[in-house]
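1. Give me a 3D structure for the following:
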Amino acid sequence: MGQVTVRVGGYSHPVSCEDGQEAHLVSLAGEVDKRVNSIKAMGGQFGESRLLLLGALLLADEVHDLKVALSQARAGQNMAAPQPDPKLAERLARIADRIEGIAQTLDRP
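-> Numbers count the residues shown, from 1 in each chain. Okay, here's the model as predicted:
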């Protein structure tokens, strides 16, 4: 089992992953970090858990929008949209699951 330390919102987090997935996990953490930094840029004082929650909600909102767009494209409601990658929704769902798993490990005492 691989393990990496990712940095999100200025905080370091050791995270386990499947062997060979370390670079992918670091990349995913970079996406979360982008959302967290955008929240920080809005101002206000948030703790680590709150920042991660808000970042996860931003990602979940993006996943939702992509699922709706994919559903509409499959139903022929949005003919002008480019053809989506058929594995995109599955990949985004896996990302959301991983984010939830990371958030759950942060909530553990």
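
2. mind listing what Ala60 touches?
-> Going by Cβ atoms under 8 Å, 6 or more residues apart in numbering, Ala60 touches 96, 99. Where you see a C-beta, it was placed from the backbone N, CA and C, and this is true even at glycine.

3. Quick check: the gap between it and Met1.
-> As defined by Cβ to Cβ, to the nearest Å, Ala60 lies at a distance of 26 Å from Met1.

4. what's the answer for Glu90, then?
-> For Glu90, the distance to Met1 equals 23 Å [Cβ to Cβ].

5. Those two - which one has more neighbours?
-> Counted by other Cβ atoms under 10 Å, Glu90 and Met1 do not tie: Glu90 has more neighbours, with 10 against 7.

6. what about that one, helix or strand, and which?
-> Applying DSSP states H and E as the criterion places Glu90 in helix 88-107.

7. buried residues in the helix or strand of the chain with the lowest mean pLDDT?
-> Counting by mean pLDDT, DSSP states H and E, the chain has its least confident helix or strand at helix 88-107, which shows a mean of 77. Across helix 88-107, burial judged by 16 or more other Cβ atoms under 10 Å covers 89, 92, 95-96, 98-99, 102.
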